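Student: Turn this into a structure:
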Amino acid sequence: MFRTHNLRGKKRFLDLRKSKVSKNAKIKLNKKQLTLIENNNSLSLGEKIELLLVALGNKLTTELHMNNKKNLNKLKKLLKQLPFIYFKDYLPNKKNKQTGKFEQFTWYQVSVNEAVSKFMKKYPDDMTEFEEGVLYGF
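Tutor: Here you go, the predicted structure:
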């Protein structure tokens, strides 16, 4: 199963397997929760679809990003009303290619279960392309 000489994949697999966290493959959204997603004007159509794909288990995780702190707070308020596992994440200050100014890029990492969320927190800068593809549904 692990065809590389690098054992990191096997170690990660065993770590997650031993973990005592939720590993549900789908999330049931009730009618009220679906309506909250559908009628939310802070999310783009693509982001709404991403949330539904995570709930169905077609994607294991997605990122929801807003341009400013006020919108991030609106997004957090929405996520609190939904059964997704999520956490706030960010990249350190990076230079915006269009404006030339340094900015901190912040988003909510939304996952189907605690195991995926734990993996995203533990290995954010060390995922293989294959791992990213599986997590993001490619």
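
Student: packing partners for the lowest-mean-pLDDT helix or strand in the chain?
Tutor: Lowest by mean pLDDT, DSSP states H and E among the helices and strands of the chain is helix 8-18, with a mean of 75. With contacts taken as 3 or more C-beta pairs under 8 Å, 6 or more residues apart in numbering; DSSP states H and E, helix 8-18 sits against helix 114-122. Using the backbone N, CA and C atoms, a C-beta is placed for each residue, glycine as well.

Student: let's see 10 Å
Tutor: helix 114-122, helix 129-135 (3 or more C-beta pairs under 10 Å, 6 or more residues apart in numbering; DSSP states H and E).

Student: Just give me how far the shortest one sits from the chain centre.
Tutor: The gap between where helix 129-135 is centred and where its chain is centred comes out at 13 Å by C-alpha atoms, centre = their mean, to the nearest Å.

Student: Kindly report the same for stretch 129-138.
Tutor: Distance, centroid of stretch 129-138 to centroid of chain: 12 Å (C-alpha atoms, centre = their mean).

Student: Using PDB, write down the CA coordinates of that stretch.
Tutor: Output of stretch 129-138 as PDB, limited to C-alpha atoms (Å, rounded to 0.1, in the frame of the first residue of the first chain):
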ATOM      1  CA  GLU A 129       0.200  15.800  -3.600                       C
ATOM      2  CA  PHE A 130      -1.600  12.400  -3.300                       C
ATOM      3  CA  GLU A 131      -2.700  13.300   0.300                       C
ATOM      4  CA  GLU A 132      -4.000  16.700  -0.800                       C
ATOM      5  CA  GLY A 133      -5.800  15.100  -3.700                       C
ATOM      6  CA  VAL A 134      -7.600  12.600  -1.500                       C
ATOM      7  CA  LEU A 135      -8.500  15.300   1.100                       C
ATOM      8  CA  TYR A 136      -9.700  17.800  -1.400                       C
ATOM      9  CA  GLY A 137     -11.600  15.300  -3.600                       C
ATOM     10  CA  PHE A 138      -9.400  15.400  -6.700                       C
END
